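1. coords please:
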Amino acid sequence: MNKPSNNEIRIGWASADLTPDQPVLVTGQFHARVSEGVMDPVTATVLALESARRGGPRDCAVMVSCDLVAIPDGLRDAVRAQLIKNLPELDPKCVFLNATHTHTGPEIRVESDTLQTGGGNVPDRMGVELEVMAPADYVTFTSMRIAEAVAKAWKSRAPGMIGFGLGQAVVGHNRRITYYDGTTKMYGKTDDPEFSHVEGYEDHSVNLLCTYDKDKKPTGMIVNVACPSQVSENAFQISADFWHDTRVELRRRLGANLFILAQNSAGGDQSPHILVGKGTEERMWRLMGRTQRQDIAARIADTVTATLPFIEKELDANPRLVHRVETVELSRRLLTEQDVKESLVEAEKLRAQYEELRRELEAHPELRQKPRWYTGITAAYRRMNWYKAVVERFERQKTQPKLPIEVHVLRLGDVAIATNPFEYYLDFGLQIKARSKAVQTFLVQHVGSGTYLPTARAVSGKSYGAVPASTPVGPEGGRELVERTLAIIAELWK
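-> Sure thing, here's the model as predicted:
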């Protein structure tokens, strides 16, 4: 492959099937789920970009979107290790992976990854033996597939053009319900007479970045929405959730060979679940002959097809590409002795529950013949460890008050793309978008294994996603990440 001339953008695409061929743990809930087949495939989609700016060095960025719940350090490092061996001309730090946060993907989090975030709650430990592919083995399998796709995209890069634009589609909804007593509950009931309001804002923007060949034929697109893909989050089958339906619909309209790279913008307090007017929505799906996933796909495809003609009015074959990767240290959420005390009380309740269920299984082994016999005991075991992790984090904060995370910021022409590893609450994302120097800013969460990073009002309202056990980094660290991200963007726009 020839080196690009100054200011020429080169673009390469590839994809890989990450669907396991044997039972795995399905990730995304406290209780274990052993996969019972495949609803639709889980994939990785790769976009490779390379540019040389006049009078300066070449720069590159490789974005990989995966139909997984998160990108733990172990998976990221395994992919980069493969690339060092098989694609030495590419700096592995140019590559970053994001998860769509599907709750029906294979478990890929293992013990070594938990130390950076919650600690203690080892996701691939269930408290009972289950006949599944070990998560570590799946990491090996999928990292090789992803690395092969990265190499294919990199080697296929060719001169092209990019365009970008903004559409709107209702996909995500704030899932935190607040009551008159000031408390908040994730997925709280809204038909309760004490229901006051939905806690926070919703962002229905659809950020689009499209690529074209030299003949102006579309080759692929980044589609960025502020909503995790978890319509089917309780299923026991492997699935890419609404992104599968969205790819099908976009390819039906725009061409079977179109690459679609899905990104989940800042939306730690968002989900596709409808909490106000669900009956009305369900009636409309019935009248339209669609599932909710198909309706989301149609909404996204409608705004994409409506926006594309305007995107194509301004295509750029020579966008400036600058990629910055940085380790940012964030303040941990400082836990109190009261936090520890309350967490230990809950952990003890769950320990007693787990041990009782364990004794029952040992006394009656025939219970294992019942379908999904393991859900109750695994939920108790994992929730117990989730609370116990608060104790470990309380001790760790005494010597390690900061948590290092990897952040990527790209300038691509007038577009900024900024990553974070968390389920980053929407308010923080809006702060970055509002103050960014870029014409359009794409935020990408779950570029890492982090969990919730809530706002101060969420912490005051409590509930899952904002309590100490959920959040190794709190509102102070969220604000620090806002400021550092904006500072890097400003540097790239000098």
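2. Which residues are in contact with Leu97?
-> Leu97 makes contact with 44, 64-66, 71, 75-76, 79, 146, 447, according to C-beta atoms under 8 Å, 6 or more residues apart in numbering. Backbone N, C-alpha and C define where each C-beta goes, glycine included.
3. Next, work out how far apart the residue lying closest to Arg435 once chain neighbours are set aside and Lys93 are.
-> What sits nearest to Arg435 in space, not counting adjacent residues and going by C-beta to C-beta, 6 or more residues apart in numbering, is Leu486, at 5.5 Å. Distance of Leu486 to Lys93, computed by C-beta to C-beta, to the nearest Å: 22 Å.
4. Tell me which of the two has more neighbours.
-> Just comparing Leu486 and Lys93: by other C-beta atoms under 10 Å the higher neighbour count belongs to Leu486, 20 against 12.
5. Next, report how far the helix ranked longest in the chain is displaced from the centre of its chain.
-> Looking across the chain with DSSP state H, the single longest helix is helix 337-363. Its chain's C-alpha centre and that of helix 337-363 lie 30 Å apart, by C-alpha atoms, centre = their mean, to the nearest Å.
6. all helices for the stretch 251-400 of the chain, in order.
-> Applying DSSP state H, counting those that start in this stretch to the stretch 251-400 of the chain gives helices spanning 278-288, 292-311, 337-363, 375-396.
7. List the buried residues for the shortest one?
-> Right, helix 278-288. Within helix 278-288, no residue qualifies as buried by neighbour count (16 or more other C-beta atoms under 10 Å).
8. Compute the inter-axis angle for it and helix 292-311.
-> For helix 278-288 against helix 292-311, the angle by axes from the mean of the first three to the mean of the last three C-alpha atoms, to 10 degrees is 80 degrees.
9. which residues touch helix 278-288?
-> 274, 291-292, 295.
10. hmm, 10 Å instead?
-> Residues outside helix 278-288 that contact it (C-beta atoms under 10 Å, 6 or more residues apart in numbering): 190-191, 274, 277, 290-295, 298.
11. Settle this for me: Ala153 is touching Cys60, isn't it.
-> No - when contacts are counted by C-beta atoms under 10 Å, Ala153 is not listed as touching Cys60 (11.2 Å).
12. what residues do those two have in common as contacts?
-> 48-49.
13. Looking at these two, which is more packed in?
-> More neighbours surround Ala153 than the other of Ala153 and Cys60, with 25 against 20 (other C-beta under 10 Å).
14. List the contacts of the more buried one.
-> 11-16, 45-49, 62-64, 220, 259.
15. let's see it at 6 Å
-> 12-14, 46, 48 (C-beta atoms under 6 Å, 6 or more residues apart in numbering).
16. Name the nearest of those residues relative to Met126.
-> Val46 (32.1 Å; C-beta to C-beta).
17. Am I right that the closest one is in a helix?
-> No - applying DSSP: H, G, I helix; E, B strand; the rest coil, one finds Val46 to be strand, outside a helix.
18. confidence score at Asp113?
-> Note for Asp113: predicted pLDDT of 62.
19. re earlier: show me the one in the contacts of Ala153 that has more neighbours than the rest.
-> Val46 (29 neighbours).
20. Run through the bridge partners of it.
-> Ala14, Val64 (DSSP bridges).
21. does it really touch Val150, like I thought?
-> Yes - using C-beta atoms under 6 Å, Val46 is in contact with Val150, at 5.4 Å.
22. What is the helix or strand hosting the residue nearest to Arg435 packed up against?
-> Element membership of Leu486, judged by DSSP states H and E, is helix 475-492. Contact analysis of helix 475-492 by 3 or more C-beta pairs under 6 Å, 6 or more residues apart in numbering; DSSP states H and E lists strand 321-331, helix 426-435 as its packing neighbours.
23. Dump those into a markdown table; add distance to Val38 as well.
-> Formatted as a markdown table, these follow (distance: least, C-beta to C-beta, whole Å):
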| stretch | distance to Val38 |
| --- | --- |
| strand 321-331 | 35 |
| helix 426-435 | 32 |
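24. Give me the distance between Ala352 and Asp77.
-> From Ala352 to Asp77 the distance is 38 Å (C-beta to C-beta).
25. ok, Arg157 - contacts?
-> 10-12, 48, 50.
26. Leu308: which of those is nearest?
-> Ranked by distance to Leu308 (C-beta to C-beta), the contacts of Arg157 are led by Ile11 at 17.0 Å.
27. Could you identify the helix or strand that succeeds the one helix or strand in the chain whose mean pLDDT sits lowest?
-> Across the helices and strands of the chain, mean confidence by mean pLDDT, DSSP states H and E is lowest for helix 111-114: a mean of 60. From helix 111-114 onward toward the C-terminus, using DSSP H and E, the following helix or strand is helix 135-155.
28. can you tell which of the helices of the stretch 251-400 of the chain is closest to Ala434?
-> Nearest to Ala434 among those is helix 292-311 (21.4 Å), distances taken as C-beta to C-beta.
29. in the closest one, what's buried?
-> Buried residues in helix 292-311 (16+ other C-beta under 10 Å): 292-304, 307-308, 311.
30. same thing with stretch 33-44?
-> Under the neighbour-count criterion of 16+ other C-beta under 10 Å, stretch 33-44 has 33-35, 39-40, 42-44 buried.
31. how about these, which pair is most distant?
-> Val34 and Ala44, at 23.1 Å, using C-beta to C-beta across these.
32. List the buried residues of the helix or strand containing Gly74.
-> For Gly74, the host element (DSSP H and E) is helix 73-86. Residues of helix 73-86 classed as buried under the neighbour-count rule (16+ other C-beta under 10 Å) are 73-76, 78-80, 82-83.
33. Go ahead and confirm Ala458 touches Ala466.
-> Yes - under the criterion of C-beta under 6 Å, Ala458 makes contact with Ala466 at 4.0 Å.
34. residues near the spatially closest residue to Gly477 that is not a sequence neighbour, how many?
-> Leaving aside its chain neighbours, Gly477 sits nearest to Leu330 (3.6 Å; criterion: C-beta to C-beta, 6+ apart). Neighbourhood size, Leu330 [other C-beta under 10 Å]: 25.
35. For Leu330, give me its contacts.
-> So Leu330 contacts 403, 473, 477, 480-481 (C-beta under 6 Å, 6+ apart).
36. how much space between it and Asp427?
-> 16 Å.
37. Could you provide the contacts of Leu330 in JSON lines, with additional columns for distance to Pro23 and pLDDT?
-> Below are the contacts of Leu330 laid out as JSON lines (distance: C-beta to C-beta, whole Å; pLDDT from 0 to 100):
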{"residue": "Leu403", "distance to Pro23": "34", "pLDDT": "93"}
{"residue": "Val473", "distance to Pro23": "34", "pLDDT": "95"}
{"residue": "Gly477", "distance to Pro23": "38", "pLDDT": "97"}
{"residue": "Glu480", "distance to Pro23": "42", "pLDDT": "98"}
{"residue": "Leu481", "distance to Pro23": "38", "pLDDT": "98"}
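38. I'd like the residues you listed laid out as TSV, including neighbour count and distance to Pro135.
-> Putting these into TSV (neighbours: other C-beta atoms under 10 Å; distance: C-beta to C-beta, whole Å) gives the following:
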residue	neighbour count	distance to Pro135
Leu403	21	23
Val473	25	24
Gly477	23	28
Glu480	16	31
Leu481	25	28
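39. For Lys370, state which of those is nearest.
-> Checking the contacts of Leu330 one by one against Lys370 (C-beta to C-beta), the nearest turns out to be Val473, at 40.2 Å.
40. Can you name the residues that contact that closest one?
-> Listed by C-beta under 6 Å, 6+ apart, the contact partners of Val473 are 330, 333, 403, 453.
41. For it, give the beta-bridge partners.
-> For Val473, the beta-bridge partners are Arg332 (DSSP bridges).
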